[in-house]
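**Student:** Okay, here's the prediction I keep looking at, along with the sequence it came from:
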Amino acid sequence: LKYERKKKTSKNTKQHQVQLKEIRMRPKIGKHDIEFKLKSARKFLEQKDKVKFNIMFRGRENAHHELGRTILGEIQEQLSEIAKVEQAATMASGRNMIMVLAPRS
């Protein structure tokens, strides 16, 4: 009886390990595509996983980083009720803009 209780409590304590899920997109993404990505991000956040948004710039898109910032700002606004910003939108490795959201506890 004691053994079973101990097993049950240890099982409950290590139930969910937080993972970092990545969602990639380009700066010329359409409105419906953003909504679709938001739906999957919402699902990840409800499962208590962190979500990393990655906007990849190629060629002449590199001159228009403001497009990426507006997209990430819109995403942040849409998910503000269930997520908080863990890492703000920043350029990483020259061609990628990254933002990390964590679920609100």
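**Tutor:** Yep, that arrived. Just so it is clear, the model here is predicted, and its values are computed rather than measured.

**Student:** OK, contacts around the residue nearest the centre of the chain?
**Tutor:** By CA atoms, centre = their mean, the chain has its centre lying nearest to Val51, at 2.0 Å. Residues near Val51 by CB atoms under 8 Å, 6 or more residues apart in numbering: Leu20, Lys21, Glu22, Ile23, Ala41, Phe44, Leu45, Ala83, Val100, Leu101. Using the backbone N, CA and C atoms, a C-beta is placed for each residue, glycine as well.

**Student:** now the strands for the chain?
**Tutor:** For the chain, the strands defined by DSSP state E occupy 20-25, 50-56, 83-92, 96-103.

**Student:** Compare the ones you listed and give me the one nearest Gln76.
**Tutor:** strand 83-92 (6.2 Å; CB to CB).

**Student:** if we can go back for a sec, which one (most neighbours) among the contacts of Val51?
**Tutor:** Using other CB atoms under 10 Å as the neighbour criterion, Leu101 leads the contacts of Val51 with 26 neighbours.

**Student:** how far away is it from Met91?
**Tutor:** For Leu101, the distance to Met91 (CB to CB, to the nearest Å) stands at 18 Å.
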